[in-house]
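whatever this is, show me its structure:
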Amino acid sequence: ACRRSTKWAEALACFEDVPDKDRTEVTATTLLGCLGDAGLWQDVLHRFSLIRSDSAANVDPYMCNTVLQAFKNSGKWQWCLWLLTEMSHSISSNSLASKSRPASLPPPDTLSFNTVIGSAAELGRWQLAFGLLKVMASQRERPNV
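Sure thing, here's the model as predicted:
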């Protein structure tokens, strides 16, 4: 309800009231979406970093795509590209994950690529968008932008 009403301060307070052991991917993703909807991309980045460094965190594709959307909505194509790159690198490093490293990320999916491609295209970076389409095809994702 807090996300739909864009009451990000209430969403943050609700999230903070939940004991760490009871926080789920759903509660974390909802908070990130609420902050993103409010245009608070820096807060999204900060919270996402905290969630990743929590050893109990399970960063799922939906959470990553919510963060990508927050960056896109704020015109932060560089941060979109950074997260997509991190997600792509996690494909080969998931087996090397340890407790001292942040939670591994899921590989990018079609929505991940589409969000970053859309962000680049909206800001006139067509070469980047075109390059990402090629990368997407090489990873056997089907573009639908």
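
now the helices for this protein?
8-17, 25-37, 41-53, 61-73, 77-93, 110-122, 126-138 (DSSP state H).

how about those helices, which one is nearest S104?
Nearest of the helices of the chain to S104, taken as C-beta to C-beta: helix 77-93 at 5.0 Å. No exception for glycine: its C-beta is placed from N, CA and C like everyone else's.

what angle do that closest one and helix 126-138 make?
20 degrees (axes from the mean of the first three to the mean of the last three C-alpha atoms, to 10 degrees).

pLDDT score for the residue lying closest to G36 once chain neighbours are set aside?
Nearest residue to G36 in three dimensions, chain neighbours excluded: A70, at 2.7 Å (C-beta to C-beta, 6 or more residues apart in numbering). What the model reports for A70 is a pLDDT of 97.

next, count neighbours for A70.
A count of nearby residues for A70, using other C-beta atoms under 10 Å, gives 28.

mind putting the helices of the chain in TSV, distance to S104 included?
As requested, these are exported to TSV (distance: least, C-beta to C-beta, whole Å):
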stretch	distance to S104
helix 8-17	23
helix 25-37	14
helix 41-53	9
helix 61-73	11
helix 77-93	5
helix 110-122	15
helix 126-138	20
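
quick one: low-confidence residue ranges for the protein.
Along the chain, segments meeting pLDDT under 70 span 1-6, 55-57, 91-103, 141-145.

again, only this time at 90
Per-residue confidence for the chain (pLDDT under 90) gives these ranges: 1-28, 30, 51-58, 88-104, 123-126, 133-145.

quick one: contacts of stretch 128-142?
The contact list for stretch 128-142, computed with C-beta atoms under 8 Å, 6 or more residues apart in numbering, reads 77, 81, 84, 88, 107-110, 113, 116-118, 120-121, 143, 145.

sounds good, over and out.
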